[in-house]
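Visitor: Sharing a model that was predicted from the sequence below.
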Amino acid sequence: MAVYMCTNLCLFCLSGMDRIVRMWNPYVSAKPVALLRGHNAPIFYLFIAPEENRVFSISTDKCVKVSVKLSQCKRA
């Protein structure tokens, strides 16, 4: 399982064995603001780059994924 919190964007991400990155607003915990799919193996590392407005994720099969711009996810 991987967890990353970005206080600049008021956003945190969770991921794990199900290969999905869930993006949450800590003030609205009813459901995730976005689900990022695409990994074929469990995710073990997450990083939010606030200056680039992107989420980077790495899975156990050494695949690196770069998300869409976070501003698009926060509007959802």
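Guide: Cool, got the structure.
Visitor: Now for V66: which residues touch it?
Guide: Residues in contact with V66 (CB atoms under 8 Å, 6 or more residues apart in numbering) are R54, V55, F56. In short, each C-beta sits where N, CA and C put it, glycine included.
Visitor: For the protein, which residues score under the pLDDT cut-off?
Guide: 68-76 (pLDDT under 70).
Visitor: For it, just list every one of the strands.
Guide: 2-6, 11-15, 21-24, 34-36, 43-49, 54-59, 64-66 (DSSP state E).
Visitor: Parallel or antiparallel, list what pairs with the last one.
Guide: As defined by DSSP bridges, the strand partners of strand 64-66 come to strand 54-59 (antiparallel).
Visitor: so how many other residues sit close to the closest residue to F56 other than its chain neighbours?
Guide: Distances taken as CB to CB, 6 or more residues apart in numbering place F47 nearest to F56, at 4.6 Å, with adjacent residues excluded. Counted by other CB atoms under 10 Å, the residues lying close to F47 total 13.
Visitor: Over to G16?
Guide: The tally of other residues near G16 (other CB under 10 Å) stands at 14.
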